[in-house]
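[1] Here is my input; please provide its structure:
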Amino acid sequence: MAGTRSYLKKHTEALVKDVGIEAACDITGKSKATLGRYYSDNPEHADRFMPIDSVAALENVASYPHVTAALSELAGITISFDERRNKNNSSGGVSSDVIALSQRFAMLMGEYHQSIEDGVITMNEAKRLLRETVALQQVLIDMKLHLEDEHV
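    So this is what the prediction gives:
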């Protein structure tokens with residue numbers, strides 16, 4: 001367990017440094033000393049960890065979700081980082097998502113039709129299908145988030 005604690009503290013420090021200590025203080029409403037305790041390796045701070053709402057707020061502006069990635073690695077879970085989410089926070093809402101969903105599904109079906117024409121899906125065709133499937137999945141996630149924002 002000590003290794004896990006150290007690993008999480010290391011990634012917490014990386015998150016704070018990614019955002020910048022001053023900005024992290026402003027975003028979380030915590031002091032520099034408090035943030036420092038969250039990633040300190042001193043025994044007196046061994047049981048102190050950053051609250052999850054602070055992690056979420058910082059990761060929303062960070063270049064990479066350091067703590068989330070560390071937690072997933074510790075749990076044996078693989079996640080994929082979607083850089084477009086940080087750069088393109090779509091505010092079109094559910095209606096835009098439905099249009100994007102239709103377009104992505106049409107692209108997936110087009111790739112599938114092209115791939116099965118000869119009766120064999122090659123490695124390159126499978127990769128293209130996978131890319132389209134992941135893109136479709138991202139549209140569904142965006143739609144889910146918009147629905148939750150609007151109706152929960």
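[2] farthest residue from the center of this protein?
    Ranking residues of the chain by C-alpha distance from their mean position (Cα atoms, centre = their mean) puts residue 118 at the top, at 37.7 Å.
[3] That residue and residue 125: what is the separation?
    9 Å (Cβ to Cβ, to the nearest Å). For every residue, glycine as well, the C-beta is placed using N, CA and C.
[4] Also residue 113?
    Taking Cβ to Cβ, one finds residue 113 at 11 Å from residue 125.
[5] And the host helix or strand of residue 109, what does it pack against?
    Taking DSSP states H and E as the criterion, residue 109 maps to helix 93-116. Helix 93-116 is packed against helix 123-151, with contacts defined by 3 or more Cβ pairs under 8 Å, 6 or more residues apart in numbering; DSSP states H and E.
[6] so the helix it packs on versus helix 93-116, what angle?
    With axes from the mean of the first three to the mean of the last three Cα atoms, to 10 degrees defining the directions, helix 123-151 sits at 170 degrees from helix 93-116.
[7] tell me which residues in helix 123-151 are buried?
    125, 128-129, 132, 135-136, 138-139, 142-143, 146 (16 or more other Cβ atoms under 10 Å).
[8] Give the single residue among these positioned nearest to residue 70.
    residue 138 (22.7 Å; Cβ to Cβ).
[9] State the distance from that closest one to residue 114.
    Taking Cβ to Cβ, one finds residue 138 at 22 Å from residue 114.
[10] Ok, residue 31 next?
    Residue 31 is 58 Å from residue 114, where distance means Cβ to Cβ.
[11] go on, residue 132?
    11 Å.
[12] For this protein, which helix or strand comes out least confident on mean pLDDT?
    Least confident helix or strand of the chain, by mean pLDDT, DSSP states H and E, is helix 83-87 with a mean of 52.
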